[in-house]
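K.L.:
need coordinates for the below:
(chains A, B, C and D)
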There are 4 protein chains.
Amino acid sequence: MSLEPVTVTVWNEGVHELTTPEVAATYPNGIHGSIAAGLRAALPGAQIRTATLDQPGQGLPPEVLNSTGVLLWWGHLAHDQVSDALVARIVARVHGGMGLIVLHSGHYSKVFRALLGTTCSLQWRNTGERELVWTIDPTHPIAAGVDQPILIPRQETYGEPFDIPAPDELVFISSFAGGEVFRSGVTYRRGRGRIFYFSPGDEAYPVYEHPQIRRVLANAVAWARPVPGVGDPAVAVESPPLTR
Amino acid sequence: MSLEPVTVTVWNEGVHELTTPEVAATYPNGIHGSIAAGLRAALPGAQIRTATLDQPGQGLPPEVLNSTGVLLWWGHLAHDQVSDALVARIVARVHGGMGLIVLHSGHYSKVFRALLGTTCSLQWRNTGERELVWTIDPTHPIAAGVDQPILIPRQETYGEPFDIPAPDELVFISSFAGGEVFRSGVTYRRGRGRIFYFSPGDEAYPVYEHPQIRRVLANAVAWARPVPGVGDPAVAVESPPLTR
Amino acid sequence: MSLEPVTVTVWNEGVHELTTPEVAATYPNGIHGSIAAGLRAALPGAQIRTATLDQPGQGLPPEVLNSTGVLLWWGHLAHDQVSDALVARIVARVHGGMGLIVLHSGHYSKVFRALLGTTCSLQWRNTGERELVWTIDPTHPIAAGVDQPILIPRQETYGEPFDIPAPDELVFISSFAGGEVFRSGVTYRRGRGRIFYFSPGDEAYPVYEHPQIRRVLANAVAWARPVPGVGDPAVAVESPPLTR
Amino acid sequence: MSLEPVTVTVWNEGVHELTTPEVAATYPNGIHGSIAAGLRAALPGAQIRTATLDQPGQGLPPEVLNSTGVLLWWGHLAHDQVSDALVARIVARVHGGMGLIVLHSGHYSKVFRALLGTTCSLQWRNTGERELVWTIDPTHPIAAGVDQPILIPRQETYGEPFDIPAPDELVFISSFAGGEVFRSGVTYRRGRGRIFYFSPGDEAYPVYEHPQIRRVLANAVAWARPVPGVGDPAVAVESPPLTR
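P.N.:
Below is the predicted model:
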């Protein structure tokens, strides 16, 4: 897949890797490192970089955020530590055209909830069950070339009801061995920015090393990249009388 | 639940009951008879009647169809025997405001495909697996009062991809013991008529005797009934210049 | 129209009426007073009350907000004065099932933007042009019984692009004498709550005295009232393994 | 704009041009000729050809239809002359992935109605009024680079209610000098095929010579082209038990 140059930032709170040896073993370069490696392999034309919460500006100072075309977001334990000011800057960037891909437990991040307007709550159980990710929209570019279904041997179980707005597009639905279902791939547009939420991916299992999951993420980056010419978010404008 | 008087017609091709002893044993009054009994118990204010393919006018002569407020449709083996003229009359009635509830294998009926415009194909396997019906839209009137999830011990498995247009509303998603998922409850509006497709229900299992399934069908009839004052389908009209 | 008892609160910032004599002349009982009078006439079974920004708790202390089934919101000059804490309480109530009807310049209120996740910006021009409100969804309950189109002799012009998420339902589209179009009636669901945005209504013209606009607002209240049994907003729940 | 090679067929009933001298003067190469010329200029990488009703196979014998990646459709007087067999073949091709762009009075064509499932009726008045085409979805690829609004000096007036299903995407809304509004650019997916309906374009005015309209049509062809690898329409498949 070739891409017009796009700059991608993979953001991760990066807490589990420091506090849980098993996670550090699963993801020796961090969850962000694994995701970035997958994107670099799939998208040679793109610039892929990573950022973490413990960096200056919580990893996204203005010069980083403002040069990001597509932002991936992984968080779990530290949602509350992300500053409201940073959340507001990210939201404004999405409104202006930046793509946003929210992953797994990021459903509860401040950024996702601010953009969706709901609680984004769900049901869950972490017993390492098998997840099957079924493609519902067979020609959606995010699903290009994936298995039907994608099989993830061990995953955290997420279940409905998932408290999100009715999505613009429903791309994937997952089932879990225990019988739960989950809208695991959904899209939204907010302003000029495209948003994709994708639930597979947990710190306890090497889901981001899975070739099929990597394909989905690469497809999603290509799909979410800003449309050329997109500028700042719209503001209310007093329009002159039309003289036509 | 009280209802303004609505006339409901439960149509069934009625073939399995005559040709397969096991089905006759499961549904001694026919699939239509079971569905009608459930509706009569739940909707005392409504008039519930049944119709079958072998009756005059294939069960829906004009005086029956035109006095029907909500039509339920069950078919499987005899889709091709339903006349195109009857299909056209049903479609016109939906356009004019009649509610339509399409059940299970009716996904492949002429009427449903004519109203949706797709092949309505799906994946299937009939091995009597457990189906769980999860409510996705927690305040949709069709889901009022149902269990989360509804458990059907034995059912035919239906799986995605289900070739339907993106639904107006996604009410239910099912999982099956084998791991399949299916959009088992979806709504559409066509003209002035409301359409609900609900996949549970197979001739081989007593699904229409299930209290929760009966509740869904009663809710759906209440939801799909014509809005007062709805008339004939719209036709193109030359509108005079507005003088305002 | 009969209604199960619902408690409706018409909230208005109430600033224009105090600072602009022309507005005070148009709405001697306030914009909220006019809206409430219309609702009382149309919905005799409902309890209709008003609230304004200058009252204790900004008009919506917990005992008022928590007993409100449907909240109508009119604001323009004082959006920033509404406390973030109140906005959070309103948003939580909507998630829990309270209906919300946002009017006219309320598109820029904190509450509406928090629930939609976009800037909600638009184009505008206040030259008192004629607005025509066309019904797009002919059987939507909010449009029941209205003229096609509704004619408003003088109104502020709102124009696209209107920066909102793709609505769940598009009920009305308006045109203005200058040639603008605007999605003037749109619905959303957020959690268990129904939201309706309706753009007609400006402090400079007696739009809320218009019988057709009053009909729309009464229809909208009936449509947005909480579903019986709806409780608190969902929270993430760890679900036990299913033993089925 | 560069395109992977796509084969485009511009189909026109071609009746007005033969029977009405004014139309022949406006479109000396036919409506299809004008549309094709615009596409050739905008899409140098594509193969653009035309077809008319009076040709063998009504212009779309299997070898032509089956090699078409995107089909444009213009019809008005001769909808009923298009054979049901051809309509069925076109519908099957759309299900299999062929893009379809339906123009103006084609809203009443057999093909469009078969794919949408509604009457597709509307209100109309042909008095040569000014049409303004407003972009509602500012980043939709079909709207890339167009004026806000597009101004068409003289056009047939189309008005709501337009009896179509709720579209997957609402790209354009038009206003007319008389005050009507119309959803003038809407998209649908049916099976693997993308459908775009675009209302501007009448035999009585040189709308297809308008540079902005030509841009929309070129954008739409690029958007609607089949996704690589798309094959035949899906059919119901009995799936074996999953052994995972």
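K.L.:
so A:Glu203, which state does it fall into?
P.N.:
coil (DSSP: H, G, I helix; E, B strand; the rest coil).
K.L.:
surely it meets A:Ile31?
P.N.:
Yes: if you go by Cβ atoms under 8 Å, A:Glu203 and A:Ile31 touch, sitting 6.5 Å apart. C-beta here means a position set from N, CA and C on the backbone, and glycine is covered the same way.
K.L.:
compare the two (neighbour count), which wins?
P.N.:
Higher neighbour count among A:Glu203 and A:Ile31: A:Ile31, with 28 against 24, using other Cβ atoms under 10 Å in any protein chain shown.
K.L.:
these two touch, right, the more buried one and A:Tyr208?
P.N.:
Yes: counting by Cβ under 8 Å, A:Ile31 does reach A:Tyr208; the two are 6.3 Å apart.
K.L.:
list residues touching both of these two?
P.N.:
Contact criterion Cβ atoms under 8 Å, 6 or more residues apart in numbering or on different chains; residues shared by A:Ile31 and A:Tyr208: A:Gly201.
K.L.:
quick one on the thing from earlier: overlap in contacts of A:Glu203 and A:Ile31?
P.N.:
A:His16, A:Glu17.
K.L.:
show me what from chain A comes close to chain B.
P.N.:
Proximity of chain A to chain B, by Cβ under 8 Å from any Cβ of the partner chain, involves residues A:130, A:132, A:134-138, A:148-149, A:159-162, A:166, A:169-170, A:173-177, A:179-181, A:183.
K.L.:
ok, which of those also contact chain D?
P.N.:
A:Arg130, A:Leu132, A:Asp137, A:Pro138.
K.L.:
mind checking which of those residues are in helices?
P.N.:
Applying DSSP state H to these, no entry is found in helices.
K.L.:
the residues you listed in strands, which ones?
P.N.:
Members of those lying in strands (criterion: DSSP state E): A:Arg130, A:Leu132.
K.L.:
would you turn the ones next to chain D among the residues of chain A next to chain B into JSON lines with pLDDT?
P.N.:
Formatted as JSON lines, these follow (pLDDT from 0 to 100):
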{"residue": "A:Arg130", "pLDDT": "97"}
{"residue": "A:Leu132", "pLDDT": "98"}
{"residue": "A:Asp137", "pLDDT": "94"}
{"residue": "A:Pro138", "pLDDT": "92"}
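K.L.:
quick one: buried ones out of the ones next to chain D among the residues of chain A next to chain B?
P.N.:
A:Arg130, A:Leu132, A:Asp137, A:Pro138 (16 or more other Cβ atoms under 10 Å in any protein chain shown).
K.L.:
D:Arg189 is in contact with the last one, correct?
P.N.:
No: checked against Cβ under 8 Å, the pair A:Pro138 and D:Arg189 is beyond contact range at 9.7 Å.
K.L.:
ok, now which ones touch the residue lying closest to A:Ala218 once chain neighbours are set aside?
P.N.:
Excluding the flanking residues, the one nearest A:Ala218 by Cβ to Cβ, 6 or more residues apart in numbering or on different chains is A:Ala42, at 3.5 Å. Neighbouring residues of A:Ala42 by Cβ under 8 Å, 6+ apart: A:Met1, A:Arg214, A:Arg215, A:Leu217, A:Ala218.
K.L.:
which of the residues you listed are buried, as a ChimeraX select command?
P.N.:
The buried residues among the contacts of A:Ala42 can be selected in ChimeraX (16+ other Cβ under 10 Å) with this line:
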select /A:214,215,217,218
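K.L.:
between the contacts of A:Ala42, which is nearest chain B?
P.N.:
A:Arg215 (18.1 Å; Cβ to the nearest Cβ).
K.L.:
what helix or strand does that closest one sit in?
P.N.:
helix A:211-224 (DSSP states H and E).
K.L.:
ok, A:Ala88 next?
P.N.:
Assigned by DSSP H and E, A:Ala88 falls within helix A:84-96.
K.L.:
what comes up buried for that helix?
P.N.:
Neighbour counts over helix A:84-96 (16+ other Cβ under 10 Å) mark A:Leu86, A:Val87, A:Arg89, A:Ile90, A:Val91, A:Ala92, A:Arg93, A:Val94, A:His95, A:Gly96 as buried.
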